[in-house]
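> sequence first, then the predicted structure:
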Amino acid sequence: MESEKQLATPTLGFPVIVAADPLYSPEHPRLLVQTIGRWLLREPSARVVIELPLREAYSPERDDFKGRMHAMGLSILEQGEEVGYDDWGSGSSEGLQEVRCWWSVWGWR
């Protein structure tokens with residue numbers, strides 16, 4: 001049986017990490033990239049899938065995120081834009097607003 005210490009410090013990671021709409025403050029890019037760096041397997045087939053709304057207020061956070069991902073050794077393999085729906089404060093489907101979103105798939109260089 002594994003000891004409690006072994007269970008508390010896993011050595012394995014994950015082949016795929018998915019994050020949707022995770023950036024809401026200047027600290028979030030650093031925290032997200034640190035988490036990805038800790039948990040993404042160091043294998044050529046490992047992937048990170050990110051979807052970010054293209055809200056102007058969070059443009060600096062998106063740029064910071066991209067720079068940190070590149071600095072860590074990850075690069076964009078695929079990317080695109082699509083339309084999503086924002087329901088902030090509406091409480092019903094009638095209050096949905098369209099929002100453009102950027103999606104990307106990242107892999108190790």
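All right, it came through fine.
> hey, where'd the strands end up in the chain?
16-20, 47-53, 74-86, 97-108 (DSSP state E).
> pick the most deeply packed of the ones you listed.
strand 47-53 (a mean of 18; mean count of other CB atoms under 10 Å). Where C-beta positions appear, they are placed from N, C-alpha and C, glycine not excepted.
> pLDDT averaged over it - what is it?
Taken as a whole, strand 47-53 has a mean pLDDT of 97.
> sheet-wise, list the partners of it with their directions.
Counting by DSSP bridges, the strands paired with strand 47-53 are strand 16-20 (parallel), strand 97-108 (antiparallel).
> what about it, distance to the chain center?
Strand 47-53 sits 5 Å away from the centroid of its parent chain (CA atoms, centre = their mean, to the nearest Å).
> one more: stretch 26-38?
The answer for stretch 26-38 is 9 Å, by CA atoms, centre = their mean.
> using PDB, write down the CA coordinates of that stretch.
Extracted as PDB, the C-alpha positions of stretch 26-38 are listed here (Å, rounded to 0.1, in the frame of the first residue of the first chain):
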ATOM      1  CA  PRO A  26      -3.600  39.800 -13.900                       C
ATOM      2  CA  GLU A  27      -2.400  36.800 -11.700                       C
ATOM      3  CA  HIS A  28      -4.400  34.200 -13.600                       C
ATOM      4  CA  PRO A  29      -2.100  33.800 -16.600                       C
ATOM      5  CA  ARG A  30       0.900  33.000 -14.300                       C
ATOM      6  CA  LEU A  31      -1.200  30.600 -12.100                       C
ATOM      7  CA  LEU A  32      -2.700  28.800 -15.100                       C
ATOM      8  CA  VAL A  33       0.600  28.300 -16.900                       C
ATOM      9  CA  GLN A  34       2.300  27.100 -13.700                       C
ATOM     10  CA  THR A  35      -0.500  24.600 -13.200                       C
ATOM     11  CA  ILE A  36      -0.200  23.400 -16.800                       C
ATOM     12  CA  GLY A  37       3.500  23.100 -16.400                       C
ATOM     13  CA  ARG A  38       3.100  21.000 -13.300                       C
END
